[in-house]
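1. Requesting a structural model of the entry that follows:
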Amino acid sequence: MDALLPGQTLFDTEVRGFVARRLSSGKITFGLKYSESGSGSQRWFALGVMDGAFTAEKARQAAILARGRIVEGRDPQAERVAARRKRELPNTLNRLLDDHLRLYVVANGLRSAKEIERCFEKYVRPTLGGVPTSDLRRSHVVSLLDDIATNNGPVMADRVLAHLRKALNWYAARDDAFHVPIVPGMTHTKPRERARDRVLSDDEIRIPWEATASDSLGTFGALVRMLLLWGVSRRAIRALCVFLSVDFVVQCARLHDLTIVPVPDYVSLDELVVEDLIFGTGRPAILLPAYEGAPKYEASLDRIVVAWDFSRAASRALADAMPLLKKAKKVSVLTVRGEKDIPDSMSQTDLYRHLQMHGVIADIDEVSAGGVTIGDAMMDNISARRANMLVMGAFGHSRLREFVLGGASRAMISKPPIPIFMSH
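-> Coordinates of the predicted model:
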């Protein structure tokens, strides 16, 4: 490369289309030549100019990532232009709400998604949707809430305020300059005023107690009586039933290669099951979304995403999932940077070669968290890639008998967006 004369180009022998070119100024620039999907026309994707920080090896890794996007049918140059144009457009509240619904509400499978979207469509967008986020003021929000309280009642005003506050706080975590124009004191009701003013009397409690005494009601009658006797919610009773069955599940899991576990919405799985099932069995598990409002997923191995951060847990998960990766039609390895330190001693190229030795040809991609948590960034990328399964290591550390989960592990375990292969 040092022998290149101005105007000359050198093609890489490992990464197709990756080139180095000597400019008339004497500097060397790197780029990727590729054919546009459909038309077949030649495209050029600039990677950068070589200097002390941007070396040939880093340019090669960037070319591998871009090549992976091309294999997926994406156009890296077109995406770069679109992103630039998007930055130049005024960022309105409508756009903020669209991103919040797509990247947070839908990605997390919130059961209240339809109600949140309805509140935005009916109350917020008609009045404030076109306001640029940089111009959004406290007076805008106050005026909006006063109108809702007058026409639809103070309870609805507070409900809209709660949804809007959540969306604005979410955006503030992703934008350096945005300040949330919501302060304490904007609510139109007080919880104490809306609290129940009495409890059921003994005579009132006896009515359902006697009505469920019949054996013909079976399990339902027994459950109602337990709720009345203990004074706890249905969710707590069902969680207790799951907790009592964990030891039996663990004993079985230790004698099987893989455990498949549905994740319902009535039990905090990260507290009741994961410690023993993931950390105590020495076996991998697949978590299936089974909660109310869970996104629909295709039971397939066509597209698998591997979460990779060079950690011990990620390495174990990668090794345990290798039989599935070999059967997959497409494997993508995703590294999210920005929230925690990731060692640079090994490169993405080394990982690519390791998988290639096992017969797995994978796309290696690296993204920035962009101010959100690793869990949210991973959910965004899983959705964009239409993945059928996520492979990730369960990160946690022991504190006596309690396991404290890492942020990404907790986010994925509580509401898995797709089947998740986990190992520790």
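2. where's stretch 205-216 relative to the chain centroid, distance-wise?
-> Averaging C-alpha positions (Cα atoms, centre = their mean, to the nearest Å) puts stretch 205-216 45 Å from its chain's average.
3. What segments of the stretch 1-150 of the chain are helices?
-> 56-71, 76-88, 93-100, 113-119, 125-128, 138-152 (DSSP state H, counting those that start in this stretch).
4. same question but for the stretch 151-300 of the chain, I mixed them up
-> Going by DSSP H, counting those that start in this stretch, the stretch 151-300 of the chain shows helices at 154-172, 191-194, 202-211, 218-230, 234-253, 269-272, 274-277.
5. which stretch in those is the model least sure about?
-> Mean pLDDT is lowest for helix 269-272 out of the helices of the stretch 151-300 of the chain, coming in at a mean of 48.
6. Tell me which of the helices of the stretch 1-150 of the chain lies nearest to residue 206.
-> When those are ranked by proximity to residue 206, the top entry is helix 113-119, at 36.3 Å, counting by Cβ to Cβ. (Glycine included, C-beta is placed from N, CA and C.)
7. quick check: mean pLDDT across that closest one?
-> The pLDDT scores in helix 113-119 average 92.
8. Which other helices and strands does that helix contact?
-> Counting contacts by 3 or more Cβ pairs under 8 Å, 6 or more residues apart in numbering; DSSP states H and E, the secondary-structure elements packed against helix 113-119 are helix 154-172.
9. So which bits of the helix it packs on are buried?
-> Counting neighbours by 16 or more other Cβ atoms under 10 Å, one finds that the buried residues in helix 154-172 are 154, 156-161, 163-164, 167-168, 170-171.
10. Just send those back as JSON lines, with distance to residue 134 too.
-> Compiled in JSON lines, those are given as follows (distance: Cβ to Cβ, whole Å):
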{"residue": "154", "distance to residue 134": "30"}
{"residue": "156", "distance to residue 134": "28"}
{"residue": "157", "distance to residue 134": "25"}
{"residue": "158", "distance to residue 134": "26"}
{"residue": "159", "distance to residue 134": "27"}
{"residue": "160", "distance to residue 134": "22"}
{"residue": "161", "distance to residue 134": "21"}
{"residue": "163", "distance to residue 134": "21"}
{"residue": "164", "distance to residue 134": "17"}
{"residue": "167", "distance to residue 134": "16"}
{"residue": "168", "distance to residue 134": "13"}
{"residue": "170", "distance to residue 134": "17"}
{"residue": "171", "distance to residue 134": "12"}
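11. Among these, list the two that are farthest apart in space.
-> For these, the farthest-apart pair by Cβ to Cβ is 154 and 171; their separation is 25.8 Å.
12. looking at the helices of the stretch 1-150 of the chain, which is closest to residue 178?
-> Closest to residue 178 of the helices of the stretch 1-150 of the chain, according to Cβ to Cβ: helix 93-100, at 8.8 Å.
13. Give me the mean pLDDT for the strand or helix carrying residue 326.
-> Assessed by DSSP states H and E, residue 326 sits inside helix 322-327. When pLDDT is averaged over helix 322-327, the result is 93.
14. ok now it, how far from the chain's centre?
-> If you compare the mean C-alpha spot of helix 322-327 with that of the full chain, they lie 23 Å apart, counting by Cα atoms, centre = their mean.
15. ok, now stretch 250-260?
-> A distance of 27 Å separates the centroid of the chain from that of stretch 250-260, by Cα atoms, centre = their mean.
16. how about that stretch: buried residues?
-> Within stretch 250-260, the residues that count as buried by 16+ other Cβ under 10 Å are 250, 253, 259.
17. Let's see the distance spanning it from one end to the other.
-> The straight-line separation of the ends of stretch 250-260 (Cα to Cα, to the nearest Å) is 12 Å.
18. So residue 93 is in contact with residue 133, correct?
-> Yes. Counting by Cβ atoms under 8 Å, residue 133 is a contact partner of residue 93 at 6.1 Å.
19. Please say which of these two ends up with more neighbours.
-> Set side by side, residue 93 and residue 133 show more neighbours around residue 93, with 24 against 20, by other Cβ atoms under 10 Å.
20. dump the residue contacts of that one.
-> For residue 93, the set of contacting residues under the criterion of Cβ atoms under 8 Å, 6 or more residues apart in numbering consists of 124, 125, 128, 129, 130, 131, 132, 133, 136.
21. got CSV for those residues, with pLDDT and distance to residue 34 too?
-> Shown next, in CSV, are these (pLDDT from 0 to 100; distance: Cβ to Cβ, whole Å):
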residue, pLDDT, distance to residue 34
124, 95, 42
125, 93, 40
128, 94, 43
129, 91, 39
130, 89, 39
131, 92, 41
132, 91, 37
133, 90, 36
136, 92, 41
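22. Go ahead and list the helix or strand containing the residue nearest the centre of the chain.
-> Centroid-nearest residue in the chain, with Cα atoms, centre = their mean: residue 379, separated by 2.2 Å. Following DSSP H and E, the helix or strand that holds residue 379 is helix 374-385.
23. any idea how far residue 40 lies from residue 34?
-> Spatial separation of residue 40 from residue 34 under the definition Cβ to Cβ, to the nearest Å is 10 Å.
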